[in-house]
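J.: fold the following and give me the result.
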Amino acid sequence: MDQQIVNAIFIGSIYALFAVGYTLVFGILDILNLAHSAVFMLAAAVTYSLVVNHGQSFVVAVIGGLVVAALMGLVIEHVCLRPLRRRQAPPIAALISTIGLALVIVAAVEQGRPGTFFAWLWVDGANSVAFPRGTFPSPIWHIGDLTLEAAKVVIIPVSIALMLVLGYVMRYTQVGRGLRAVAENPRAARLMGLDVDRMISLTLVISSALGGVAGILFGVALGDISPYIGRDNVEVRGLAVIVLGGMGSIPGAVFGGYLLGLIEVLALVAGGTFGSNLRSGVAFAALFLMLVLRPQGIFGTRLRERL
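T.: Prediction:
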């Protein structure tokens, strides 16, 4: 059981980091960026491809993956969101637009095979792959009944550090105050001299970079990189996390990520031989129960006051 609790902390850290990016965009724009899971996948795929197919070092590959993820934030803003925002389109239009972009990204990676246009990005098609042994040092430690793998252990401090930095930026810096002003009232922020479009672009870049970090950590720790890891592993769980913690709440996203990781592990232990099936549905169950019992989430304050 102790090992399962440790595993819950590992996977909960990834959920939390992914969901923080989700909820950051929702808190500023009041929309769900459903291309976030595709950015999660793309960062992991680019990092893998740079290491395996282009012979780059792991550090260079990680930087490349994060740059691509951050640039995708600009694509999401300039292609999917800003044109609709200027036309005062309803929020559902932005939601559908980001879904469409996510499908395009997944299809592009899925079509990557030797000899195709997308071979520079990905050559394994729909197959699941893992980083080759020796790509990064990953010693294994045994402490009592616990088995700790360095590739998983590093997730915890990296995720916590990034979330603390983001929290500090949002609370105590001029950039954070600007983002909170845009979240509170975009029109008033514009009248005060803030470049609202620039702030929104910055939000998408930060959110996508965080999603990219989560994707790379997922690929490193779990050895599972494919075009579908965003859709199958974190998209619905990310939604469950931000509903559990409270829509638009960064602390709530962190808390919800670890809570969902713990719930999944408990379901896996309780389910025995049916654990994998239980785990695949536990995010839906948590989402449904929270919406019914406490729609505002555990950190149930007003959205605008929680950033």
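
J.: phi, psi of residue 139?
T.: Dihedral pair for residue 139: phi -60, psi 160, per degrees, to the nearest 10.

J.: now do the contacts for residue 229.
T.: The neighbours of residue 229, taking C-beta atoms under 8 Å, 6 or more residues apart in numbering as the test, are 40, 41, 44, 215, 218, 219. C-betas here are computed from N, CA, C, even on glycine.

J.: quick one: the first one from residue 207, how far?
T.: Per C-beta to C-beta, to the nearest Å, residue 40 is found 11 Å from residue 207.

J.: same thing with residue 186?
T.: 17 Å.

J.: where do the helices sit along the stretch 51-200 of the chain?
T.: 58-75, 82-86, 91-110, 150-153, 155-172, 174-184, 186-191, 196-222 (DSSP state H, counting those that start in this stretch).

J.: coming back round to it: residue 186 and residue 207: who's more crowded?
T.: residue 207 (26 against 18; other C-beta atoms under 10 Å).

J.: what residue, apart from its backbone neighbours, is nearest the more buried one spatially?
T.: Leaving aside its chain neighbours, residue 207 sits nearest to residue 21 (3.9 Å; criterion: C-beta to C-beta, 6 or more residues apart in numbering).

J.: tell me the contacts of residue 204?
T.: So residue 204 contacts 25, 33, 73, 74, 76, 77, 81 (C-beta under 8 Å, 6+ apart).

J.: contacts only, for the third one.
T.: Listed by C-beta under 8 Å, 6+ apart, the contact partners of residue 73 are 39, 201, 204, 205, 206, 207, 208, 209.

J.: any idea how far residue 223 is from residue 9?
T.: From residue 223 to residue 9 the distance is 18 Å (C-beta to C-beta).

J.: the more surrounded of the two?
T.: residue 9 (17 against 12).

J.: check which helix or strand covers that one.
T.: helix 2-29 (DSSP states H and E).

J.: now that helix: mean pLDDT?
T.: The average pLDDT within helix 2-29 is 87.

J.: and the angle for that helix with helix 91-110?
T.: 130 degrees (axes from the mean of the first three to the mean of the last three C-alpha atoms, to 10 degrees).

J.: tell me what helix 2-29 is packed against?
T.: helix 36-52, strand 146-149, helix 155-172, helix 174-184, helix 196-222, helix 235-245, helix 250-271 (3 or more C-beta pairs under 8 Å, 6 or more residues apart in numbering; DSSP states H and E).

J.: give me the buried positions along it.
T.: Neighbour-count burial for helix 2-29, with 16 or more other C-beta atoms under 10 Å as criterion, is recorded at 6-29.

J.: which residues of the stretch 1-150 of the chain score low on pLDDT?
T.: For the stretch 1-150 of the chain, the stretches flagged by pLDDT under 70 are 1.

J.: residues in contact with stretch 127-134?
T.: Under C-beta under 8 Å, 6+ apart, the answer for stretch 127-134 is 48, 51, 52, 58, 219, 220, 223, 224, 225, 226.

J.: chain neighbours aside, what residue packs nearest to the last one?
T.: For residue 226, ignoring the flanking residues on the chain, the nearest one in space by C-beta to C-beta, 6+ apart is residue 128 at 4.1 Å.

J.: what's the separation between that neighbour and residue 233?
T.: The spacing between residue 128 and residue 233, counted by C-beta to C-beta, is 11 Å.

J.: so what sits against both of these two?
T.: residue 224.

J.: looking at the two, which is more packed in?
T.: Ranked by neighbour count (other C-beta under 10 Å), residue 128 and residue 233 place residue 233 first, with 23 against 12.

J.: identify the residue spatially nearest to the more buried one, adjacent ones excluded.
T.: residue 218 (7.1 Å).

J.: thinking the one you found is in contact with residue 40, fair?
T.: Yes: between residue 218 and residue 40 a contact is recorded at 7.4 Å, counting by C-beta atoms under 8 Å.

J.: overlap in contacts, the two.
T.: Common neighbours of residue 218 and residue 40 (C-beta under 8 Å, 6+ apart) are 229, 234.

J.: higher neighbour count, those two?
T.: Per other C-beta under 10 Å, whichever of residue 218 and residue 40 has more neighbours is residue 40, with 33 against 26.

J.: residue 220 versus that one, what's the distance?
T.: 13 Å.

J.: swap in residue 282?
T.: Using C-beta to C-beta, residue 282 is found at 24 Å from residue 220.

J.: with neighbour numbers in mind, choose between these two.
T.: residue 220 (23 against 20).

J.: residues touching that one, list them.
T.: 131, 136, 151 are the contacts of residue 220 under C-beta under 8 Å, 6+ apart.

J.: repeat that with 10 Å
T.: 44, 47-48, 58, 62, 130-131, 135-136, 138, 151-152, 154-155 (C-beta atoms under 10 Å, 6 or more residues apart in numbering).
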